[in-house]
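K.L.:
no FASTA, just this:
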């Protein structure tokens, strides 16, 4: 099946080419049919002239329906008026399958309808553009760490213990034992960093949260670097270099797709390191007298994050939250032990948190005390404590949520469009 | 924490450098200590001369234990006798944490003991080498498809239906519904291929098989390409080009790690396209009179695969198995409808199947009949049938299991060492 991808059609200018695709749209003007063909790599206008083709082919142009599969063969030539700048003068067409009446039409559809037809909705130019940007973001994530001396160390999905309570964990029967689906690979990456120095994992993570917000999926992808001999400042340097790199890559490689999404790229052009850094106390100061209902000492809610990040054109790094609202493994700030050496990155344009991380507690006794203080059982953490028994070092890391990052860069307000087959509280299909 | 990675130490020849790492080994000769330091990127010999350092530093050399964390600073100079060819003449050393007696010593340990200490075992030079080769294989997989016009389309992990029976599925409670962990992203990739032409997914997959063989994990990673307008022959071309590329990449980029594993690379050097192709009938002929217990018409067992692949120096593509032993979505061979247009790739050196795939049934009526014939419910497949209602095209794909591929290329007989934190029937920790 010798074929030319529409994205490569320019290389065939002046030559005959065969394009395999699907009918996206068509119109007729008497002795001419203009067929708009999509093949997954682009859109091509194929012109069928009654005089150039067999009679059956011209009749097929009449009966071919939206999303029918077609093979068109003809001469490629430049044409400025065509979408993409090239046109195919059709010599022959093969109609593989005539599609039934396609459920997704140019008219407005409700989001529930589109989500029910996600397997077809992905064919739309907007959804395909998001898929391609998502792919580019994931490539950029990997390339950044791969070219900076990191080793990919996949974290397990099945974890044996519900260390911090089962309320947001998915549980499964594991040959008679209970197993839980991972919420983060971090503890495993800490072990990996002690083996390879710089490690990262990248895979799906799971939260059984009963949230129906535009920011929550039950299944989402996260990339988590962890570095031995790195402190909080170094961690923030790494996070900002990483995010700036991702944005640059998408701007450079996915210009066309951003256009399809009508994304205003001006805010993205401003994203370069360094990013502003605020302590929790400084951020809390900003919320004084605001109507978000924030009280000092608590974690920021979505409205707080929106308000804080709204003050900046770049992502903002908020560090040193109260230790009491953060996980047990966070290292305390030696200058103020009521604070943790942690950091969240809040993306601009109302997106909110895309990164959470920080420096981990590396002292054995302090970590044991923290586990006890949080009322957690010790036994499941024995292996994790081994990392402090055998050559403990200062180390830091973070996790970046892919879907929120895709949503931010694409300018898509709801995460359900940022992953091919989204899983939400009330959405397990298709 | 300005530091030099051991892998980059040559760049610091003649200059002062600080290396952050862990003590791998040490020996003394009176006024000298030879400390072997690992930092995750390599091994460096640091020489401490009593006359060059403060008295406390020299005493620290005596008390530093295996896997203690140390920062050493000194002059880098070339030394052929040193591992890696460079040596550090230590001026100062900081002992961060003195490790307790390290459980993994150069003596032989049983595999259960090592698996219980997987979080530490990863630090050994052999396990680190496997991690790096695994990383390179995964990069090669992605690079191959990324540079051949494929779009990454992540398949969901949660799937709504136990279409083909629940016996090997992990089940979870999904807000009151039942959800199952994916065994393959294929059906979703078929939808994706109709949207983007060439798609692939790459993620963890799950099988609740009560198998305790050296080939089985409950959680393993699979990469699954799917291509619109591709037939079985094209699928086999793609699979062999893909596997040949992976092997070449590892040979080129991970020579050092293959040496650490004492892998005989001669068999790998022979892996180039084309690979031998055999029909099921031809393969079955080879098994005649052998003691594997094979009967014509059934699927091949592990001993059959070993025997067949043992006859070739390259991976062998076995195609056109009896349709009766294959999944309902396989397209039948028009020349012999008792056979499916499927293909398995069997790797040499006794490894067996690393790829399974084939051409999918693209005709609506034939697919409906196949679903009925297999006694499967129709409703869960309605979305999948949509792909045949709206622009059906010939299409093919396959899945490659990462862990078996890592095992083959590394020459590691048991898959438990091919993934950082293996999950087996009786292994859910650490």
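P.N.:
Yep, it's here. Predicted, not measured: the structure shown is a model, and the values here were computed from it. Residues are numbered from 1 along each chain as shown, chains lettered A, B, ... in the order given.
K.L.:
can we go C-alpha only for contacts and neighbour counts from here?
P.N.:
OK.
K.L.:
look up phi and psi at residue A:46.
P.N.:
Per-residue torsions, residue A:46: phi -110, psi 130 (degrees, to the nearest 10).
K.L.:
spatially nearest residue to it, not counting backbone neighbours?
P.N.:
residue A:88 (4.6 Å; C-alpha to C-alpha, 6 or more residues apart in numbering or on different chains).
K.L.:
please report how far that neighbour lies from residue B:149.
P.N.:
21 Å (C-alpha to C-alpha, to the nearest Å).
K.L.:
ok, the residue nearest to residue A:46 touching residue A:71?
P.N.:
No. At 11.8 Å, residue A:88 does not count as touching residue A:71 under the criterion of C-alpha atoms under 8 Å.
K.L.:
who has more neighbours out of those two?
P.N.:
residue A:88 (29 against 20; other C-alpha atoms under 10 Å in any protein chain shown).
K.L.:
now do the SS call for the more buried one.
P.N.:
strand (DSSP: H, G, I helix; E, B strand; the rest coil).
K.L.:
so who does it touch?
P.N.:
A:44, A:45, A:46, A:47, A:73, A:74, A:75, A:76, A:77 (C-alpha atoms under 8 Å, 6 or more residues apart in numbering or on different chains).
K.L.:
apply 7 Å and report the result again.
P.N.:
A:45, A:46, A:47, A:74, A:75, A:76, A:77 (C-alpha atoms under 7 Å, 6 or more residues apart in numbering or on different chains).
K.L.:
want to throw those residues into TSV with pLDDT?
P.N.:
As requested, these are exported to TSV (pLDDT from 0 to 100):
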residue	pLDDT
A:45	97
A:46	97
A:47	97
A:74	97
A:75	97
A:76	97
A:77	96
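K.L.:
drop anything exposed from the residues you listed.
P.N.:
A:45, A:46, A:47, A:74, A:75, A:76, A:77 (16 or more other C-alpha atoms under 10 Å in any protein chain shown).
K.L.:
dump these into TSV; add secondary structure and distance to residue B:174 as well.
P.N.:
Formatted as TSV, the buried ones among the contacts of residue A:88 follow (DSSP: H, G, I helix; E, B strand; the rest coil; distance: C-alpha to C-alpha, whole Å):
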residue	secondary structure	distance to residue B:174
A:45	strand	46
A:46	strand	47
A:47	strand	50
A:74	strand	52
A:75	strand	54
A:76	strand	52
A:77	strand	54
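K.L.:
same list (these) but as JSON lines, adding distance to residue B:160.
P.N.:
Output for these, formatted as JSON lines (distance: C-alpha to C-alpha, whole Å):
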{"residue": "A:45", "distance to residue B:160": "39"}
{"residue": "A:46", "distance to residue B:160": "40"}
{"residue": "A:47", "distance to residue B:160": "43"}
{"residue": "A:74", "distance to residue B:160": "44"}
{"residue": "A:75", "distance to residue B:160": "46"}
{"residue": "A:76", "distance to residue B:160": "45"}
{"residue": "A:77", "distance to residue B:160": "48"}
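K.L.:
out of those, who's nearest residue A:201?
P.N.:
residue A:45 (43.1 Å; C-alpha to C-alpha).
K.L.:
surely the closest one is in contact with residue A:33?
P.N.:
No. Between residue A:45 and residue A:33 there is no contact under C-alpha atoms under 7 Å: 10.0 Å.
K.L.:
so which elements touch the helix or strand of chain A with the lowest mean pLDDT?
P.N.:
Ranking every helix and strand in chain A by mean pLDDT, DSSP states H and E puts helix A:302-309 at the bottom, with a mean of 93. Judged by 3 or more C-alpha pairs under 7 Å, 6 or more residues apart in numbering or on different chains; DSSP states H and E, helix A:302-309 is in contact with strand A:342-347, strand A:352-359.
K.L.:
mind checking how far the first one is from the chain centre?
P.N.:
Put plainly, it is strand A:342-347. 17 Å (C-alpha atoms, centre = their mean, to the nearest Å).
K.L.:
same deal with stretch A:215-223?
P.N.:
9 Å.
K.L.:
so is residue A:399 in a helix, a strand, or just coil?
P.N.:
Strictly by three-state DSSP, residue A:399 counts as strand.
K.L.:
element containing the spatially closest residue to it that is not a sequence neighbour, please.
P.N.:
The shortest distance from residue A:399 to any non-neighbouring residue, by C-alpha to C-alpha, 6+ apart, is to residue A:224 (4.3 Å). Here residue A:224, judged by DSSP states H and E, is contained in strand A:219-228.
K.L.:
gap between the residue of chain A most remote from its centre and residue A:89?
P.N.:
Of all residues in chain A, residue A:51 sits farthest from the chain's C-alpha centroid, using C-alpha atoms, centre = their mean; the distance is 49.1 Å. Distance, residue A:51 to residue A:89, using C-alpha to C-alpha: 12 Å.
K.L.:
taking the stretch 101-250 of chain A, what residue is nearest to chain B?
P.N.:
Closest residue of the stretch 101-250 of chain A to chain B, C-alpha to the nearest C-alpha: residue A:196 (3.6 Å).
K.L.:
please name the residues that touch the closest residue to that residue other than its chain neighbours.
P.N.:
Nearest residue to residue A:196, sequence neighbours excluded (C-alpha to C-alpha, 6+ apart): residue B:40, at 3.6 Å. Going by C-alpha under 7 Å, 6+ apart, residue B:40 touches A:195, A:196, A:197.
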